[in-house]
Every structure is written in C-alpha cells, then in structure tokens.
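A.B. asks: got a structure for you, letters missing:
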C-alpha cells in the first residue's frame, strides 16, 4: 500500500507532466529532463530543476509555470536550480525523442566524445530528416530558433528542419 507521501509525490510528478516546454510544446518539462526531483513535506513542495543551458531563456517561464501550478494545488513551493550534474540529452527517453521527431525536430543523436569535446577529431554524424528519414541532410546554421537547436536542410524532401543539439 502506498503511503500518503508517495501518493502526493506521484500526483505532483503527474501534474508537472502537464507543463509543456515553452520552446518545444510537443514535450513537457519532465520529459525534457529539466525537473530532476520533487520532495514533499506536508504542504511544502521542493522542486529541483536543471536548465538545458546555463542561460536558457525559457527557464524563468518554466519556473513560473511550476510555481503557479503548485500554488494552484495548495502547496507552498520552493524551486531549486542546480547546475551539477549538467543537463544532458541523455536524460530524454526514446519516447520523448520520438515525440520531437513527430513534431518535426530531429531528435539528438547518441551523445559521443566528440559532442563533449568539439575540438577533437570530428566525425561526420548522419542526421536523419524527421520528415522523410533521408540521411542526405546538411547543416545550414549552428543555431535554430533557440540555442539548443541547429538548423538543417534535407536534400531528399527539400524541407528545412531543426536538430535538438546533443549535450
């Protein structure tokens, strides 16, 4: 049998799943991996979050959404931002990556040494088009609509698309 604390924590996690990522509304902030932990002590909730980038402009929007939701649920909330360990695309599930693809954003490839050390010997990573699955794609800009995405073009279906950067 679940204790009341466990039930409350599960309800809060479930509620946090309703907050969309402000930059990619096809996924929520839990799926993105930004929400790292939830702790409940009576009517006090502590939500620990890690930004995708240290200067992520959407972080304040996410914090406000968590604050509003927790207050709406009747809790006093403390939001703690942690930078270690640094957020990584490895925190995204395969299901989340599939949601990105369906939304038209190429999901991040498997994190490699080269992603963490960009000045090491480069390896060409094939990026599949989220629309037609073609590997005949090319980088057109290191930055897409947000700093966490790059802009690509597919020579197969002639569609531009974004890639969620690996980090």
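C.D. replies: Nice, I can see it. Note that the structure is predicted; figures quoted are calculated from it, not measured.

A.B. asks: Which pLDDT value belongs to the residue positioned nearest the centre of the chain?
C.D. replies: With distances taken as C-alpha atoms, centre = their mean, the residue of the chain nearest its centroid is residue 32 (2.6 Å). Residue 32 carries a pLDDT value of 95.

A.B. asks: The closest residue to it other than its chain neighbours: neighbour count?
C.D. replies: Excluding the flanking residues, the one nearest residue 32 by C-beta to C-beta, 6 or more residues apart in numbering is residue 21, at 5.1 Å. The C-beta positions use only the backbone N, C-alpha and C, and glycine is treated the same way. As a burial measure, residue 21 scores 19 neighbours (other C-beta atoms under 10 Å).

A.B. asks: Who are the contact partners of residue 21?
C.D. replies: Applying C-beta atoms under 8 Å, 6 or more residues apart in numbering, we find residue 21 in contact with 27-29, 31-32, 34, 58, 62.

A.B. asks: From residue 92, how far off is it?
C.D. replies: Taking C-beta to C-beta, to the nearest Å as the measure, residue 21 falls 11 Å from residue 92.

A.B. asks: Which neighbours do these two have in common?
C.D. replies: 31-32.

A.B. asks: Using the record's domain definitions, break this protein down for me.
C.D. replies: 4-81, 90-164 (automatic domain parsing).

A.B. asks: Could you provide the contacts of residue 21 in a markdown table, with additional columns for distance to residue 50 and secondary structure?
C.D. replies: Putting the contacts of residue 21 into a markdown table (distance: C-beta to C-beta, whole Å; DSSP: H, G, I helix; E, B strand; the rest coil) gives the following:
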| residue | distance to residue 50 | secondary structure |
| --- | --- | --- |
| 27 | 16 | coil |
| 28 | 15 | strand |
| 29 | 11 | helix |
| 31 | 14 | helix |
| 32 | 10 | helix |
| 34 | 6 | coil |
| 58 | 13 | coil |
| 62 | 11 | helix |
